[in-house]
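[1] using only what follows, build the 3D model:
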Amino acid sequence: MKQTLLNAKELSQRIKFSAAYINHTLKDNVFFDGVHYIKPFGGRKIFYIWEEVERELFKKQQRRIVVPMAHRGVCHG
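    As a prediction, the model looks like this:
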(Lines give C-alpha, C1' and ligand atoms only; values in the text may rest on other atoms or scores of the structure.)
Protein backbone atom coordinates (compact mmCIF):
# COMPACT_ATOMS: atom_id res chain seq x y z
CA MET A 1 0.00 0.00 0.00
CA LYS A 2 1.84 3.03 -1.27
CA GLN A 3 0.39 6.40 -0.28
CA THR A 4 1.91 9.85 -0.34
CA LEU A 5 1.49 11.58 3.01
CA LEU A 6 1.72 15.38 3.10
CA ASN A 7 1.44 17.92 5.87
CA ALA A 8 -0.80 20.97 5.31
CA LYS A 9 2.07 23.15 4.07
CA GLU A 10 3.14 20.58 1.47
CA LEU A 11 -0.46 20.05 0.39
CA SER A 12 -0.99 23.81 0.08
CA GLN A 13 1.83 24.00 -2.44
CA ARG A 14 0.13 21.36 -4.59
CA ILE A 15 -3.46 22.59 -4.52
CA LYS A 16 -2.77 26.36 -4.19
CA PHE A 17 -4.78 26.92 -1.00
CA SER A 18 -3.16 28.21 2.17
CA ALA A 19 -2.30 25.71 4.89
CA ALA A 20 -4.57 27.58 7.31
CA TYR A 21 -7.50 27.34 4.89
CA ILE A 22 -6.89 23.61 4.45
CA ASN A 23 -6.76 22.98 8.21
CA HIS A 24 -9.63 25.24 9.23
CA THR A 25 -12.08 25.08 6.33
CA LEU A 26 -11.48 22.05 4.14
CA LYS A 27 -10.64 19.62 6.95
CA ASP A 28 -13.80 17.90 8.18
CA ASN A 29 -15.95 19.65 5.54
CA VAL A 30 -14.36 18.35 2.34
CA PHE A 31 -11.49 16.20 3.61
CA PHE A 32 -12.49 13.57 6.18
CA ASP A 33 -10.53 11.71 8.85
CA GLY A 34 -9.63 8.20 7.76
CA VAL A 35 -10.35 8.96 4.10
CA HIS A 36 -8.41 12.07 3.12
CA TYR A 37 -6.19 12.46 6.17
CA ILE A 38 -4.89 10.52 9.15
CA LYS A 39 -3.63 11.32 12.62
CA PRO A 40 -0.95 8.72 13.28
CA PHE A 41 -0.82 7.17 16.74
CA GLY A 42 -3.78 9.30 17.87
CA GLY A 43 -1.61 12.39 17.91
CA ARG A 44 -2.23 15.97 16.87
CA LYS A 45 -0.14 15.84 13.69
CA ILE A 46 -2.23 15.54 10.53
CA PHE A 47 -1.05 13.89 7.32
CA TYR A 48 -3.13 14.31 4.17
CA ILE A 49 -3.24 11.36 1.78
CA TRP A 50 -2.39 12.89 -1.59
CA GLU A 51 -4.03 10.18 -3.72
CA GLU A 52 -7.36 10.60 -1.91
CA VAL A 53 -7.19 14.41 -1.98
CA GLU A 54 -6.43 14.29 -5.71
CA ARG A 55 -9.37 11.93 -6.28
CA GLU A 56 -11.64 14.37 -4.42
CA LEU A 57 -10.36 17.33 -6.47
CA PHE A 58 -11.18 15.67 -9.77
CA LYS A 59 -14.45 14.05 -8.69
CA LYS A 60 -17.30 15.12 -10.90
CA GLN A 61 -19.95 17.00 -9.03
CA GLN A 62 -23.55 16.02 -9.59
CA ARG A 63 -25.58 19.10 -10.27
CA ARG A 64 -29.00 19.15 -8.77
CA ILE A 65 -31.60 21.38 -10.35
CA VAL A 66 -33.88 22.90 -7.76
CA VAL A 67 -36.77 25.12 -8.83
CA PRO A 68 -38.27 27.30 -6.09
CA MET A 69 -42.05 27.16 -5.84
CA ALA A 70 -44.76 28.94 -3.89
CA HIS A 71 -45.04 28.47 -0.11
CA ARG A 72 -41.32 27.65 0.21
CA GLY A 73 -41.65 24.45 -1.78
CA VAL A 74 -39.07 23.22 -4.23
CA CYS A 75 -39.23 21.03 -7.29
CA HIS A 76 -36.28 18.69 -7.84
CA GLY A 77 -36.08 18.33 -11.58
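
[2] now do the strands in this structure.
    For the chain, the strands defined by DSSP state E cover 5-6, 37-38, 47-49, 66-68, 74-76.

[3] show me the one of those that comes nearest Ile22.
    When the strands of the chain are compared by Cβ to Cβ, strand 47-49 sits nearest Ile22, at 7.6 Å. (Glycine included, C-beta is placed from N, CA and C.)

[4] what about the residue lying closest to Ile49 once chain neighbours are set aside, how many neighbours?
    Once flanking residues are discounted, Ile49 sits nearest to Gln3: 5.2 Å by Cβ to Cβ, 6 or more residues apart in numbering. Gln3 is flanked by 11 other residues according to other Cβ atoms under 10 Å.

[5] now for Gln3: which residues touch it?
    By Cβ atoms under 8 Å, 6 or more residues apart in numbering, the contact list for Gln3 reads Ile49, Trp50, Glu51.

[6] out of the strands of the chain, which gets nearest to Leu57?
    When the strands of the chain are compared (using Cβ to Cβ), the closest one is strand 47-49, at 11.7 Å.

[7] please tell me how far the nearest residue to Leu57 once chain neighbours are set aside sits from Lys45.
    Distance criterion Cβ to Cβ, 6+ apart; nearest residue to Leu57, sequence neighbours excluded, is Ile15 at 6.8 Å. Here the criterion is Cβ to Cβ, to the nearest Å. By it, Ile15 lies 19 Å from Lys45.

[8] the more surrounded of those two?
    Ile15 (15 against 9).

[9] the more buried one and Leu26: what is the separation?
    9 Å.

[10] one more: Cys75?
    Cys75 is 32 Å from Leu26, by Cβ to Cβ.

[11] out of these two, which sits in the busier spot?
    Comparing Cys75 with Leu26 by other Cβ under 10 Å, the one with more neighbours is Leu26, at 19 against 9.

[12] excluding chain neighbours, what is closest to the more buried one?
    Phe17 (7.0 Å).

[13] isn't the one you found up against Asn23?
    No: applying Cβ atoms under 8 Å as the test, Phe17 and Asn23 come out as separate, 10.1 Å apart.

[14] great, nothing more from me.
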